[in-house]
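K.L.:
For reference, the sequence and a predicted model appear below.
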Amino acid sequence: MLLKVLLFAFVFGCATALTAPCNVCKTGSPSGTCKTVTIDPCTAQPCGLKQGTNVTFAVEFTAGAAATALTSTVYGIIAGTPIKFNLPNPNGCKDSGIACPLVAGQTYTYTDQLYVSK
């Protein structure tokens, strides 16, 4: 089973980390409960992300089911339109702070970095 965990809104420019509750998106088939999303750099919602910089994000979630794989998907909202951002590593079990398989009911923190291209 694949867990699709990361779906949150980005827009443009900021300076320290922001931790906020999750907004639940109705895409894919996520299984679990998102607790918080931390975005750095960001000072207020919506997070303004500066072109030509790296953005670090962490998502704390509780797995709703056991899973042997984890796929990361990130969307940004630009001019009101959801745009998919391609992550350098969409495999959520590799270099993310999470070791698969996931155990139902256990809380995990997924971390990754995204380059905001020009």
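P.N.:
Received the coordinates, thanks.

K.L.:
which intervals of this protein have sub-threshold pLDDT?
P.N.:
Applying pLDDT under 70 to the chain picks out residues 1-17, 20-30.

K.L.:
Can you tell me the closest non-neighbouring residue to the residue sitting furthest away from the middle of it?
P.N.:
Distance from the C-alpha centroid of the chain, by CA atoms, centre = their mean, peaks at residue 118 (20.5 Å). Nearest residue to residue 118, sequence neighbours excluded (CB to CB, 6 or more residues apart in numbering): residue 51, at 4.8 Å. Glycine gets a C-beta too; all of them are placed from N, C-alpha and C.

K.L.:
can you check residue 74 too?
P.N.:
Among residues not flanking residue 74 along the chain, residue 85 sits closest, at 4.5 Å (CB to CB, 6+ apart).

K.L.:
Surely that neighbour and residue 75 touch.
P.N.:
Yes - Residue 85 is within contact range of residue 75, at 6.8 Å (criterion: CB atoms under 8 Å).

K.L.:
Now do the strands in the chain.
P.N.:
Using DSSP state E, the strands of the chain run over 2-4, 18-21, 32-40, 53-63, 69-71, 74-78, 81-85, 107-116.

K.L.:
and for the longest one, what are the contacting residues?
P.N.:
Under the criterion CB atoms under 8 Å, 6 or more residues apart in numbering, residues 3, 5-6, 8, 10, 22, 31-42, 49, 74, 97, 102-116 lie in contact with strand 53-63.

K.L.:
Identify each buried residue in stretch 84-96, please.
P.N.:
85, 87, 90, 92-93, 96 (16 or more other CB atoms under 10 Å).

K.L.:
my bad, stretch 69-82
P.N.:
For stretch 69-82, the neighbour count (16+ other CB under 10 Å) marks 70-76 as buried.

K.L.:
got those residues as JSON lines, with distance to residue 61 columns?
P.N.:
Putting the buried residues of stretch 69-82 into JSON lines (distance: CB to CB, whole Å) gives the following:
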{"residue": "70", "distance to residue 61": "10"}
{"residue": "71", "distance to residue 61": "13"}
{"residue": "72", "distance to residue 61": "11"}
{"residue": "73", "distance to residue 61": "13"}
{"residue": "74", "distance to residue 61": "14"}
{"residue": "75", "distance to residue 61": "16"}
{"residue": "76", "distance to residue 61": "19"}
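
K.L.:
Right, I'll leave it there.
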